[in-house]
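Trainee: structure, please.
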Amino acid sequence: MRRVLITFVSLLLFKSIEGNAQRGNQPYWQQHVDYKIDIDVDVSSFRYSGDQKLIYTNNSPDTLKRVYFHLFYNAFQPESEMDQRSRSIKDPDSRVMDRISKLSSSDQGYLKVLNLKQDGSTLNSLVAGTILEVDLNKPISPGEKTTFEMSFTGQVPLMVRRAGKNSPEGVKLSMAQWYPKLAEYDYEGWHADPYIGREFYGVWGDFDVTINIDKNYIVGGTGYLQKSAFSSKTKKKWRFKAPMVHDFTWAADPDFVHDTRLMENGTVLNFYYKRSLAKEYKENWKRLQLVTEKLMLYFNKNIGTYPYKQYSVIQGGDGGMEYGMCTLITGERKFESLVGVTAHELAHSWFHFVLASNESKHEWMDEGFTEYYGTHAEKEIVGLNQDLYYEGTYERYRKQVLEKKEQPQTTHADRFMLNSGYSTSAYVKGYIFLRQLRVLLGNEAYEKTMKKYYNEWSFKHPNPNDFIRCAEIVSGSELDWYIDDWTKTTNNIDYKVVGLENKNKGCLIKLERIGLMPFPLDVLLIMEDGSEKKYHIPLRMMRKDRPLGVNINKLEDWPWANPYYSFFVSSTKQVLKVSVDPENSIADINRNNNTLTNENIE
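Mentor: Coordinates of the predicted model:
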């Protein structure tokens, strides 16, 4: 009874936030798909078969004549695009390397769709790697629903990347991307991207999934467990329902321990980990449970309310990976590492599963935002040194710039020259983007921006413009220059102090903008007696500056086109030192020229 009530309340929440946003003059719309899946798993061969029924609603203004399904497990076959890319890129993922090319037939993965029908009529389809291309017998007009039915078979690959059987820690089944998944169609058209290495973009809907598996296995994953019952002497059925998610993931192992923690707000936290873990690791998993509750409370407070009533932390996968209402993480970790990966993957629930930007095109909006909030939560809850963390992040970014390996954040996630280029763009530059935005707006406007963004764009696949418009509306500033230069180009920030001239009645300060990307500047003057003077130089194209603290003097705007800027400080004391960005709050790529000292004063 309780689970049914929770699902109903969640559905009311989801429905209440539909249709509030617009893009330009066009009303917002998105597709919807409901899944009913019933599978039978053979744990001796790691093969499974099942039936899938999808009710697809075309909310777009377009008539659809084709649809596409993702067949992710086909990536784990020799000569797949994932295999070829891993063997050709200069810095392959150490978990993949050439392993796919060496998989035996019984360790390869596959998904095969059989008897595909639309509203009872058989359809023609073509398998193209990890995509099933389907020609429709009956086009789907705007506002229409259609029903797809199919049988399918799959073979779970050996654990190579994210999903598979027999993980290095001995977890039997990490079942992500395991079913034929309908591709997303949005205002930009179809997104039938092959599975090469990056992450996922999907259609929201309700899932009803039944898993028939060996009776000794414990199953956990996305959704609310409805019931589990023996279907035979050797097998047991596990049924889950998940409202308004865009994926469904599960894991299973006969050795799982299942712990639960009920939060005061009613959210149930589940923890699945192997009974055979060493004592140290099992103790870490016990300690993790209170920390996970604190993490969720932090994200609820600082981003917005988690809309589901369940979340599961599950030992499995190949590192840490976010999924609907759950994460798969490796479990043999030191406590600090276990907390760190849990903080990051849990934060994804807000950015990947509730907001859900297209990660092939805007991966930094998920990974970077997640990294920012995950590390801030760690700082508050377990004392992570945020300043030290930022310095490491900044150095990763600076190295990419100086080695001329940086690519714009608009680069498709699968088409970066290097894996390190992708990670810098997604995690590092995405993290720095938010950190600098807080500097631009000030704390109050920044906090209001994030709340507005989450409230207005939950369950709507926001793009970068949707986010920055929230910041502009809250702050009154013009910020297109910021998002354009930081995300669409490789322009960088580099300011230099070029002059410090003490005169009879004061000092003339001269600055230079070397980098093409502008930024409003804080300037600190250290006087000969050790006292300080603080100044702020607004950026003209921003049109409105952030509120300034006490004892900070506001100077004239700096117009971007002029690479030089000077100002005079009236004072009877000489200036000993001038520093721009004294708190290292912006990612200036050359801090060595940010300070100039008057060598005539000892």
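Trainee: nearest residue to G266 in space, please, no chain neighbours.
Mentor: Distances taken as Cβ to Cβ, 6 or more residues apart in numbering put K309 closest to G266, at 6.0 Å, once the chain neighbours are dropped. For every residue, glycine as well, the C-beta is placed using N, CA and C.
Trainee: give me the pLDDT value at that neighbour.
Mentor: Note on K309: pLDDT of 97.
Trainee: what about it, distance to D206?
Mentor: As for K309, its distance to D206 is 15 Å (criterion: Cβ to Cβ, to the nearest Å).
Trainee: hmm, back to that, what is the neighbour count of the residue nearest to G266?
Mentor: Around K309 there are 20 other residues, counting by other Cβ atoms under 10 Å.
Trainee: how near is it to F459?
Mentor: For K309, the distance to F459 - Cβ to Cβ - is 16 Å.
Trainee: bridging residues for L182?
Mentor: F69 (DSSP bridges).
Trainee: OK, contacts around it?
Mentor: V33, L54, Y56, V67, Y68, F69, H70, F148, G202, V203 (Cβ atoms under 8 Å, 6 or more residues apart in numbering).
Trainee: format the residues you listed as a markdown table; extra columns: pLDDT, neighbour count and distance to S86.
Mentor: Output for those, formatted as a markdown table (pLDDT from 0 to 100; neighbours: other Cβ atoms under 10 Å; distance: Cβ to Cβ, whole Å):
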| residue | pLDDT | neighbour count | distance to S86 |
| --- | --- | --- | --- |
| V33 | 98 | 20 | 31 |
| L54 | 98 | 22 | 31 |
| Y56 | 98 | 22 | 33 |
| V67 | 98 | 24 | 29 |
| Y68 | 98 | 20 | 24 |
| F69 | 98 | 25 | 24 |
| H70 | 98 | 26 | 19 |
| F148 | 98 | 23 | 32 |
| G202 | 97 | 22 | 24 |
| V203 | 98 | 23 | 28 |
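Trainee: out of those, what pair is the most spread apart?
Mentor: Spatial extent of the contacts of L182 (Cβ to Cβ) is set by the pair F148 and G202 at 15.3 Å.
Trainee: on that earlier part again, and of the contacts of L182, the nearest to Y564?
Mentor: Using Cβ to Cβ, the shortest approach to Y564 within these belongs to G202, at 50.3 Å.
Trainee: is the closest one in a helix, a strand, or coil?
Mentor: Put simply, G202 is coil when judged by DSSP: H, G, I helix; E, B strand; the rest coil.
Trainee: quick one: the closest residue to it other than its chain neighbours from F416, how far?
Mentor: Nearest residue to G202, sequence neighbours excluded (Cβ to Cβ, 6+ apart): H246, at 3.6 Å. Using Cβ to Cβ, one gets 24 Å for the distance from H246 to F416.
Trainee: next one: Q52 from L182, what distance?
Mentor: Q52 sits 10 Å away from L182, going by Cβ to Cβ.
Trainee: also G368?
Mentor: 28 Å.
Trainee: repeat that for P168.
Mentor: 32 Å.
Trainee: just the strands from the stretch 51-200 of the chain, written as ranges.
Mentor: Applying DSSP state E, counting those that start in this stretch to the stretch 51-200 of the chain gives strands spanning 64-70, 110-118, 121-122, 124-128, 131-140, 145-155, 164-165, 173-175, 181-182, 184-186, 189-191.
Trainee: same question for the stretch 301-450 of the chain.
Mentor: In the stretch 301-450 of the chain, strands defined by DSSP E, counting those that start in this stretch lie at 310-315, 320-323, 326-329, listed in chain order.
Trainee: can you check which of the ones you listed gets nearest to S125?
Mentor: Nearest to S125, of all these, is strand 320-323, at 26.7 Å by Cβ to Cβ.
Trainee: CA atoms only: put that closest one into CSV for me.
Mentor: Provided in CSV are the C-alpha atoms of strand 320-323 (Å, rounded to 0.1, in the frame of the first residue of the first chain):
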residue,chain,number,x,y,z
GLY,A,320,31.0,4.4,-10.7
MET,A,321,28.1,5.0,-13.0
GLU,A,322,24.7,6.8,-12.5
TYR,A,323,21.4,5.2,-13.3
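Trainee: before we move on, back to that, what do Q52 and L182 both touch?
Mentor: F148.
Trainee: what about the helices in the stretch 401-550 of the chain?
Mentor: Assigned helices in the stretch 401-550 of the chain, in chain order: 419-423, 430-441, 443-457, 464-475, 480-488 (criterion: DSSP state H, counting those that start in this stretch).
Trainee: of the ones you listed, flag the one that's most buried.
Mentor: Among the helices of the stretch 401-550 of the chain, the stretch with the highest mean neighbour count (mean count of other Cβ atoms under 10 Å) is helix 430-441, at a mean of 21.
Trainee: now that one and helix 443-457, what's the angle there?
Mentor: If you take axes from the mean of the first three to the mean of the last three Cα atoms, to 10 degrees, helix 430-441 sits at 120 degrees to helix 443-457.
Trainee: re the thing from before, of the helices of the stretch 401-550 of the chain, which is nearest Q84?
Mentor: Closest to Q84 of these is helix 419-423 (Cβ to Cβ; 14.7 Å).
Trainee: grab the nearest non-local neighbour of N216.
Mentor: P254 is the one closest to N216 (Cβ to Cβ, 6+ apart), at 4.3 Å.
Trainee: okay, now the one you found: neighbour count?
Mentor: Residues near P254, counting by other Cβ under 10 Å, number 14.
Trainee: hey, which of the strands of the stretch 51-200 of the chain is tucked in deepest?
Mentor: Of all the strands of the stretch 51-200 of the chain, strand 173-175 has the most neighbours on average by mean count of other Cβ under 10 Å, namely a mean of 26.
Trainee: who are the packing partners of it?
Mentor: On a contact count with 3 or more Cβ pairs under 8 Å, 6 or more residues apart in numbering; DSSP states H and E, strand 173-175 meets strand 164-165, strand 250-253.
Trainee: burial count for G499?
Mentor: Per other Cβ under 10 Å, the neighbour tally for G499 reads 15.
Trainee: ok, the residue nearest to it when sequence neighbours are not counted - contacts?
Mentor: Spatially, and ignoring its direct neighbours in sequence, G499 is nearest to K510 (3.0 Å; Cβ to Cβ, 6+ apart). Listed by Cβ under 8 Å, 6+ apart, the contact set of K510 reads V497, V498, G499, L500, E501, Y564, Y565, S566.
Trainee: between those residues, which is closest to N115?
Mentor: Nearest to N115 among the contacts of K510, counting by Cβ to Cβ, is Y565 at 70.2 Å.
Trainee: surely that closest one meets W558?
Mentor: Yes. Y565 lies in contact with W558 (Cβ atoms under 8 Å); the separation is 4.9 Å.
Trainee: wait, V341 sits on G320?
Mentor: Yes. With contact defined as Cβ under 8 Å, V341 counts as touching G320 (4.0 Å).
Trainee: which neighbours do the two share?
Mentor: Common contacts of V341 and G320 (Cβ under 8 Å, 6+ apart): I329, T330.
Trainee: show the buried residues in the contacts of K510.
Mentor: Among the contacts of K510, the ones that count as buried by 16 or more other Cβ atoms under 10 Å are V497, V498, L500, Y565.
Trainee: save these as TSV, and put in distance to N465 too.
Mentor: Formatted as TSV, these follow (distance: Cβ to Cβ, whole Å):
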residue	distance to N465
V497	35
V498	36
L500	41
Y565	30
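Trainee: identify the farthest-apart pair in those residues.
Mentor: Across the buried ones among the contacts of K510, the longest distance by Cβ to Cβ is 13.7 Å; it joins L500 and Y565.
Trainee: from S571, how far off is the residue sitting furthest away from the middle of the chain?
Mentor: Distance from the C-alpha centroid of the chain, by Cα atoms, centre = their mean, peaks at N504 (55.9 Å). Going from N504 to S571 by Cβ to Cβ gives 11 Å.
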